[in-house]
Each structure stands twice: as structure tokens, then as C-alpha cells.
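A.B. asks: Pasting the sequence and the predicted coordinates here, then a few questions.
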Amino acid sequence: MNDELNQEPASELITHNSQLIAAATLSVENLVAGYPGRVLVRNLFLCLPEPAFVAVVGHNGSGKTTLFRVLTGQLPYQGSARLLGEEVRGLRRAATAGLLGYLPQRGSIGFSISVRELVVMGRYRHHGLLSAYAPADYALADAALVRVGVPHLALRDFTQLSGGEQQLVWLAQLSLQDARIYLLDEPTQQLDVYYRRQVFGLVHNWVTEQGKTVLCSTHDLDNLPGLSGYLLNLSEPQPQLRVLSPATVQAARESLEQAPARIA
Ligand SMILES: Nc1ncnc2c1ncn2[C@@H]1O[C@H](COP(=O)(O)OP(=O)(O)OP(=O)(O)O)[C@@H](O)[C@H]1O
């Protein structure tokens, strides 16, 4: 143990810890969440001090979406879950406050709309309810479509796109929201090998170039070793943030190749 730490009085350590938690991008303390008769997240502790990329992995049904539902205020929980120091259960309209951008696993819409019109809606926070989007907004939408690699889809009807194409369009829209923290639920699930790599590179750039925090749930371990950030394996008995590296990805792969432990 570090001698300097040993010499620090306990009261100062507690103050220091609570300051760290208050300033953290994401902090979770003793979090318990799930559904009636089914606890999925058990006594989870996490502290992410700086903006970072976090790959959230785990077997099917291990609670990745459940954790995201907690962090987006859609599911009640016990314990504490804070985003930029704010307790989630006290947050209202986090998305409109520019705090949180969320890409759910299945995003569908029931009416025809052009891709360009859908993407420009990512700018809604910068607009009054009734004001029309300006040419500058459409220019940003076009640029976002270029960044995700599908500018050729701009005039297509969104509802007629393939699942993978729709996923790329949602990502383009999300990038225009300019949120501080993004929760992406399996954003590469329906993508081919080429676009999977592109999307991991893109959302990793949101962290390194724009200072965003990105939590990305995924079953795609192949694209993780080249990225910097953290790995959170919800299939571990006591999940914790581990520095992303070829070794930690390999350890996660070995654990996920085993049958999941079933907790009642
Ligand atoms: N509304 C609900 N009521 C009861 N159980 C639910 C509900 N929603 C999800 N579950 C269950 O909770 C468990 C965890 O689901 P969750 O979607 O968080 O898993 P996941 O890790 O995201 O899985 P996947 O990798 O398959 O997307 C699953 O067994 C699921 O059936």
C-alpha cells in the first residue's frame, strides 16, 4: 500500500472520495435494479472520473439494457446513480438539457420520413418548438451523414432502409444532439464488418476529439482491442471498470465463451 495514502486522515479520505464522486462523469454506488421478482443489477459500484469510452459487455440477458434504462431514468432503482454529479432519479428531460443522448436497441418509426429530415431533428435542442430548421442545420445533418458513411441515403424514405442502414442514420441523428454522455445500446448489431469498424472508430472519436463520454453495449469484441477506455463485463460476479486492452478483452472473451451463471 502507498505510505502517503496511509498517512492521510480517514476524514480527509472520505471528503476526497465524495468530491471525486460528485465530480465524476458517471458514478454508481450500491446500485440494485431489475424487474418484479428479477434483480439484474446487484450492488454495482462504478466511478468514471473523466470523459471516456466504456464498452459494456455481457451474456444475453446479463442486464446491459437494464443498466441503460436505469441511467436514462426509465427504470426505478435502489442505491445511487449519478451523471455529472446529478442523481438520475431527480433528473427531468435529461436529453433536452443536453446531458444525455440515448440510442436504444430497436428504434423504429411508423410514418414515412426522409433520412435528411430525420437526421436534422437531432438539432431540436437548438430550436424553438415551432421554428423551422435553417440551411445551417441541414448542412450539419448532411455532414453527419457523411461521417457515418451514408450520404447517399439522404433523400431515401427512412422506413424503407435496411436495419443496418437505419442504425447508421440514428447514429448520425444522435451525433447532432451534442450531448455530454451517450448511451449506445448495441449500435453495431445489424452492421456489416466494414461499418462495424467505422462506427467504433466514429464513436471513439466523440470521446477523444469532442470530450464526450460514450457507454456502448456490444457483443462485438473483435473491434475493442484497438480502442482506449474501459471495459465493463456485466457477466462478472462483481462487475467493475477495467482498462481496455487486448488482455482485458481476451479475459472477457474467455468468460463470455462460458455458459452464463444464472441468478434467480
Ligand atoms: N420489462 C421487463 N420485465 C421483466 N423482465 C424483463 C423486462 N425487460 C427485460 N427483462 C429481462 O431482464 C433480463 C435482462 O435484460 P436486458 O435487456 O437488460 O439484457 P441485455 O444484457 O441487454 O441482453 P442482450 O445482450 O440480449 O441485449 C432479460 O432476461 C430480460 O428478459
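C.D. replies: Great, that's in hand.
A.B. asks: tell me the SS of E209?
C.D. replies: Reduced to three states with DSSP: H, G, I helix; E, B strand; the rest coil, the structure at E209 is helix.
A.B. asks: Look up the pLDDT of it for me, please.
C.D. replies: Reading off the per-residue confidence, E209 sits at a pLDDT of 94.
A.B. asks: At the contact with the ligand, which residues of the stretch 51-200 of the chain appear?
C.D. replies: 58, 60-66 (Cβ under 6 Å from any ligand atom). C-beta coordinates here come from the backbone N, C-alpha and C atoms, glycine included.
A.B. asks: Show me which pair in the residues you listed is furthest apart.
C.D. replies: N60 and T66 (12.2 Å; Cβ to Cβ).
A.B. asks: Redo the residues of the stretch 51-200 of the chain next to the ligand as TSV? Include pLDDT.
C.D. replies: Putting those into TSV (pLDDT from 0 to 100) gives the following:
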residue	pLDDT
G58	96
N60	95
G61	93
S62	94
G63	95
K64	96
T65	96
T66	96
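A.B. asks: Going through those, which ones are buried?
C.D. replies: Listed as buried from these are 58, 62-66; burial here means 16 or more other Cβ atoms under 10 Å.
A.B. asks: any chance of these in JSON lines, plus secondary structure?
C.D. replies: As requested, those are arranged in JSON lines below (three-state DSSP):
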{"residue": "G58", "secondary structure": "coil"}
{"residue": "S62", "secondary structure": "coil"}
{"residue": "G63", "secondary structure": "coil"}
{"residue": "K64", "secondary structure": "helix"}
{"residue": "T65", "secondary structure": "helix"}
{"residue": "T66", "secondary structure": "helix"}
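A.B. asks: in the chain, which spans are helices?
C.D. replies: According to DSSP state H, the chain carries its helices in the segments 3-7, 10-23, 64-71, 115-120, 135-147, 163-177, 193-210, 246-256.
A.B. asks: ok, the closest residue to T248 other than its chain neighbours - contacts?
C.D. replies: If the residues on either side of it in the chain are set aside, T248 comes closest to R242, at 4.6 Å by Cβ to Cβ, 6 or more residues apart in numbering. The neighbourhood of R242, defined by Cβ atoms under 8 Å, 6 or more residues apart in numbering, consists of 230-233, 248.
A.B. asks: which one of those is nearest Q78?
C.D. replies: For those, the minimum distance to Q78 (Cβ to Cβ) is 19.5 Å, reached by L232.
A.B. asks: Test for you: state the pLDDT assigned to the residue lying closest to P246 once chain neighbours are set aside.
C.D. replies: By the measure of Cβ to Cβ, 6+ apart, the closest residue to P246 outside its immediate chain neighbours is P225, 4.4 Å from it. Looking at P225, its pLDDT is 92.
A.B. asks: What about P225, how many residues nearby?
C.D. replies: Other residues near P225 number 14, with proximity taken as other Cβ atoms under 10 Å.
A.B. asks: dump the residue contacts of the nearest residue to L227 once chain neighbours are set aside.
C.D. replies: Once its chain neighbours are removed from consideration, L227 has its nearest residue in H204; the separation is 5.2 Å (Cβ to Cβ, 6+ apart). When contacts are counted by Cβ under 8 Å, 6+ apart, H204 is found next to 53, 214, 227-229.
A.B. asks: Go again with 10 Å.
C.D. replies: Listed by Cβ atoms under 10 Å, 6 or more residues apart in numbering, the contact partners of H204 are 53, 55, 214, 216, 223-224, 226-229.
A.B. asks: ok, now V70?
C.D. replies: Taking Cβ under 10 Å, 6+ apart as the definition of contact, the neighbours of V70 are 28, 31-34, 40-41, 44, 63, 76-77, 79, 81, 88-89.
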